[in-house]
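In: Give me coordinates for this.
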Amino acid sequence: MNQFTKQELGWQSFFEGQCTDTTYEVGRICLEHKHIYRIMCEDGEYVGELTGKFRHGVHLRSDYPTVGDWVFITKVPGEQKVMIHGLFERKSVFIRRSPGGKAEEQIVAANVDYVFLVNALNGDFNVRRLERYVLLAFESGATPIIVLTKKDLCDDVEVKIQEVEKVAFGIPVIAVNSLEDDGVAEVRKLLSLGVTVALLGSSGVGKSTLLNALIGEEIQHTSEVREGDDRGKHTTTHRELFILPTGGLVMDTPGMRELQLWDGDSSLSATFSDIDELATLCRFHDCKHETEPGCAVQESIESGQLEHGRLISYNKLQREIAYGLRKQKQALRKALNGKSKKPEKVQKKYKAY
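Out: This is a model prediction of the structure:
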């Protein structure tokens, strides 16, 4: 049975202060399926289940543990099994609205240090989609890094990098060809002992191929993209956390065809700082950047300094965030079922049951 130190599993001082009850041991979730968990502990891997008391205290989907979470556990004597009693407060969390019409949040990654936003340099290259990922990465509390894959399929890599840098101010951009290990060394430098990274992107962008290159063996299945639009099929069907032989942990995630916003209001300005800065120069402080006279944003578009599509994306995301916040309040009211809590976003403090 593999044994690990807590540092190898990603333990940090942020979690240390939450260990106030010595009754419980701690573990980190590396795989989840229908509330059955695979958990990494210092003495190996265990299958984990929630206690009845934990389940009873759950109000929202986000109250359940997910991959990357640290949990309070007790081991079942004579079995390779643990009971999960509680959930540590999360250091970072990447959240989207659940696909479809449900007004429900879905946690994509928890307790990661870096979010690698993976985009392919082929026909599926899309800066508008990348803006969404950047917005939610800022909101997550993790540090975003943009990884452009399949550079061997692109004749103008530097041009594409410049396009990305125009919508991702200050975010490092790394171009790689994972199959030939080209550029992967620069990615590996970020994965020191105990650092956790999540790979996020749409289907077929090369997340699993990048993971295989980082690990040094084909641990995740990969497949070809469709002809015509370069979009891929789901090859990764679940989230899983892997420990690299050189140190660091990488979470592979299924490709996301939908990335509907659940939150992002506090990060909109950081993501669209160019538009926010221009807006301060508008003649009217409440300018909608449409037909108002003296609009610095429209003037910048007319001069070619600002792409019109970026303003369209900004307005669309603003509306989507406002819609998501309304849905959050409705969902929280329903979940609390009349209990005396205000229906607003709160930072939860998790405890063991």
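
In: who's in contact with the spatially closest residue to residue 5 that is not a sequence neighbour?
Out: Leaving aside its chain neighbours, residue 5 sits nearest to residue 42 (6.6 Å; criterion: Cβ to Cβ, 6 or more residues apart in numbering). Glycine gets a C-beta too; all of them are placed from N, C-alpha and C. Residue 42 sits next to 3, 4, 5, 6, 9 when contact means Cβ atoms under 8 Å, 6 or more residues apart in numbering.

In: which of those are buried?
Out: The neighbour count (16 or more other Cβ atoms under 10 Å) marks 4, 6, 9 as buried among the contacts of residue 42.

In: hang on, the last one is in a strand, isn't it?
Out: No. Inclusion of residue 9 in a strand is not indicated when DSSP: H, G, I helix; E, B strand; the rest coil is applied; the result is coil.

In: Please tell me I have it right and it contacts residue 40.
Out: Yes. If you go by Cβ atoms under 8 Å, residue 9 and residue 40 touch, sitting 5.4 Å apart.

In: Now for these two: what residues contact both?
Out: With Cβ under 8 Å, 6+ apart as the test, residue 9 and residue 40 both reach 28, 243.

In: got the contact list for stretch 184-191?
Out: The contact list for stretch 184-191, computed with Cβ under 8 Å, 6+ apart, reads 114, 116, 145, 147, 174, 176, 178, 197, 210, 213-214, 244, 246-250.

In: residues of it that come out buried?
Out: Here stretch 184-191 shows 184, 187, 190, 191 as buried, counting by 16+ other Cβ under 10 Å.

In: now those residues in JSON lines, with distance to residue 294?
Out: Listed next are the buried residues of stretch 184-191 as JSON lines, based on distance: Cβ to Cβ, whole Å:
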{"residue": "184", "distance to residue 294": "49"}
{"residue": "187", "distance to residue 294": "46"}
{"residue": "190", "distance to residue 294": "45"}
{"residue": "191", "distance to residue 294": "49"}
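
In: nearest to residue 92, of those?
Out: Set against residue 92, the nearest of these by Cβ to Cβ is residue 190 (15.2 Å).

In: for the closest one, helix, strand, or coil?
Out: When classified by three-state DSSP, residue 190 comes out as coil.

In: picking up where we left off before, just the ones in helices from the contacts of residue 42, please.
Out: For those, membership in helices holds for none, with DSSP state H as the criterion.

In: Quick check: which of these has the minimum pLDDT.
Out: Here the lowest pLDDT out of those sits on residue 3, with 83.

In: Number of residues surrounding the closest residue to that residue other than its chain neighbours?
Out: In space, and not counting its chain neighbours, residue 3 is closest to residue 43: 5.7 Å by Cβ to Cβ, 6+ apart. Residue 43 has 13 neighbouring residues, counting by other Cβ atoms under 10 Å.

In: Quick check: pLDDT value at residue 117.
Out: 93.

In: For it, what is the enclosing helix or strand?
Out: strand 114-120 (DSSP states H and E).

In: which helices and strands sit right next to that strand?
Out: helix 127-140, strand 143-149, strand 196-200, helix 207-215 (3 or more Cβ pairs under 8 Å, 6 or more residues apart in numbering; DSSP states H and E).

In: where's the residue in the chain sticking out farthest from the centre, which helix or strand?
Out: The outermost residue of the chain relative to its centre, with distances by Cα atoms, centre = their mean, is residue 293 at 39.8 Å. Assessed by DSSP H and E, residue 293 sits outside every helix and strand.

In: 19 is where my numbering starts, stick with that
Out: Okay, using 19 as the starting number, the last item reads as residue 311.

In: which parts of stretch 96-108 are buried?
Out: 100, 101, 102, 103, 104, 105, 106, 108.

In: by contact count, what packs against the helix or strand where the first one lies?
Out: The reference is to residue 100. Element membership for residue 100, per DSSP H and E: strand 99-105. Secondary-structure packing of strand 99-105 (3+ Cβ pairs under 8 Å, 6+ apart): strand 54-59, strand 62-68, helix 70-74, strand 88-93.

In: now the last one: mean pLDDT?
Out: Average pLDDT, strand 88-93: 97.

In: Pairing partners for that strand, with directions?
Out: Strands that pair with strand 88-93, judged by DSSP bridges, come out as strand 43-51 (antiparallel), strand 99-105 (antiparallel).

In: among the helices and strands packed on strand 99-105, where is the model least confident on average?
Out: helix 70-74 (a mean of 92).

In: Run the chain-centre distance for that one.
Out: The chain centre lies 27 Å from the centre of helix 70-74; the measure is Cα atoms, centre = their mean, to the nearest Å.

In: Any regions of the stretch 219-368 of the chain where pLDDT drops low?
Out: By pLDDT under 70, the low-scoring segments of the stretch 219-368 of the chain are 237-255, 273-285, 341-368.

In: which residues touch the closest residue in space to the residue farthest from the centre of the chain that isn't next to it in sequence?
Out: The shortest distance from residue 311 to any non-neighbouring residue, by Cβ to Cβ, 6+ apart, is to residue 301 (6.3 Å). For residue 301, the contacting residues are 310, 311, 312, 313, by Cβ under 8 Å, 6+ apart.

In: Compare those residues and tell me which has the most neighbours.
Out: For these, neighbours tallied by other Cβ under 10 Å; top is residue 313, 21 neighbours.

In: thinking that one is in contact with residue 300, fair?
Out: Yes. Using Cβ under 8 Å, residue 313 makes contact with residue 300 at a distance of 5.3 Å.
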